[in-house]
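Engineer: Quick one, fold the following:
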Amino acid sequence: MSFCGQLKKCVLNAANNSLAVILRSGVHSSGVLQKEGDRRSMMKGLPKTDEGSAGERFHFGGFDKVVDFPSLDTPNTLFDDIPFKELPILHIKSTKNNTIFALCRPDGHFILTRSCGMEGFKNCRKGTNVAAQVTAVGMSARITKMGYRTVRVCINGLGPGRLSSIKGLQTAGINIVSITDTTPICEIPIHRPPAARSV
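Structural biologist: Residues are numbered from 1 along each chain as shown. Below is the predicted model:
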């Protein structure tokens with residue numbers, strides 16, 4: 001039997017073992033084809049995909065204690081030798097497309113503002129939880145240089161950067177005294193009126 005005959009016989013035997021050999025201009029081979037079970041085990045071994053605009057998947061902890069409900073003594077309670085009513089407020093507005101941080105004094109005067117776009121994120125990446133966390137870390141570095149270590153947080157909106165922004169502040173060493181949710185809730189939804197009839 002010639003070499004080509006032996007090679008064709010090997011090709012037929014290899015086809016049973018899920019190998020494909022093409023005899024046109026030389027010998028080419030491909031790897032073993034994966035069966036359905038192999039694919040499932042491979043997919044289990046892959047890391048989880050980033051949630052992107054879906055938000056945080058896991059609950060995070062790390063707070064020392066849960067503060068009781070406000071009382072008459074709360075405004076005068078000292079946190080790092082500063083009364084609660086004189087602590088700066090860090091406003092976080094988390095929308096679908098961006099996350100905006102604004103630090104202001106208790107009387108309402110703005111001190112510093114940062115957003116995901118100012119940190120270098122562009123287009124749809126501004127609306128991710130990663131962008132919100134990076135912006136929170138950058139914001140906390142700036143306010144720490146200005147001398148603010150303890151803040152109150154007011155969070156507004158239901159965007160993906162809602163939890164990760166607080167996580168970024170906490171990671172960077174900012175002492176969060178209270179978290180207030182100021183997201184407006186519409187109990188009677190006002191629908192957009194229908195378009196005017198064109199004649």
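Engineer: Could you list the low-confidence segments of the chain?
Structural biologist: Within the chain, the ranges that satisfy pLDDT under 70 run 1-68.
Engineer: Scan it for its longest helix.
Structural biologist: The residue-count maximum for a helix in the chain (DSSP state H) belongs to helix 129-145.
Engineer: ok, the following helix or strand past it: who's next to it in the sheet?
Structural biologist: Moving toward the C-terminus from helix 129-145, the next helix or strand (DSSP states H and E) is strand 150-156. Its sheet considered, strand 150-156 pairs with strand 89-94 (parallel), strand 175-181 (parallel) by DSSP bridges.
Engineer: can you tell me how far the residue nearest to His91 when sequence neighbours are not counted sits from Arg149?
Structural biologist: Leaving aside its sequence neighbours, His91 sits nearest to Ala102 (C-beta to C-beta, 6 or more residues apart in numbering; 4.5 Å). Bear in mind the C-beta positions are built from the backbone N, C-alpha and C, glycine included. To Arg149, Ala102 is 18 Å away according to C-beta to C-beta, to the nearest Å.
Engineer: hmm, back to that, list the contacts of the longest helix of the chain.
Structural biologist: With contacts defined as C-beta atoms under 8 Å, 6 or more residues apart in numbering, helix 129-145 is touched by 50-53, 55-56, 88, 90, 94, 99, 101, 103, 111-112, 114-116, 118-119, 121, 125, 151, 159-169, 171-174.
Engineer: cool, stretch 94-106 as well?
Structural biologist: Where contact means C-beta under 8 Å, 6+ apart, the residues beyond stretch 94-106 that reach it are 53, 85-93, 110-117, 124, 126-127, 131-132, 135-136, 139, 143, 148, 151, 155-162, 165.
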